[in-house]
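Student: Pasting the sequence and the predicted coordinates here, then a few questions.
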Amino acid sequence: MAKLNLLARYRGRRAELKAYLLTLQEAAAADLTELDGGRHPTGLEDRFTAWTEPRG
């Protein structure tokens, strides 16, 4: 549901949506790195931005 809400809010502005999500991804990566003793998390792209690409 959250993804659909974001797609609706950023309709026609996919680049802005992706920029917003990248900002959130960077913050999450920093938090997770700190919590995991300095080890940088992997696979965040799939969770944060991969779904924004048009299907087709």
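Tutor: In hand now; what should we look at?
Student: Just the element for residue 26, please.
Tutor: Secondary structure assignment for residue 26, by DSSP states H and E: helix 14-35.
Student: Tell me, how many residues neighbour the nearest residue to residue 28 once chain neighbours are set aside?
Tutor: For residue 28, ignoring the flanking residues on the chain, the nearest one in space by CB to CB, 6 or more residues apart in numbering is residue 44 at 6.4 Å. C-betas here are computed from N, CA, C, even on glycine. With neighbours defined by other CB atoms under 10 Å, the count for residue 44 comes to 17.
Student: Near residue 41, how many other residues are there?
Tutor: 15.
Student: Sorry, slip of the keys, the one I care about is residue 6.
Tutor: Other residues within reach of residue 6 by the criterion other CB under 10 Å amount to 15.
Student: Assign it to helix, strand or coil.
Tutor: Counting by DSSP: H, G, I helix; E, B strand; the rest coil, the backbone at residue 6 sits in helix.
Student: residues contacting the residue nearest the centre of the chain?
Tutor: Averaging the C-alpha coordinates of the chain gives a centre point, and the residue nearest to it by CA atoms, centre = their mean is residue 48 (2.4 Å). Residue 48 sits next to 21, 22, 24, 25, 28 when contact means CB atoms under 8 Å, 6 or more residues apart in numbering.
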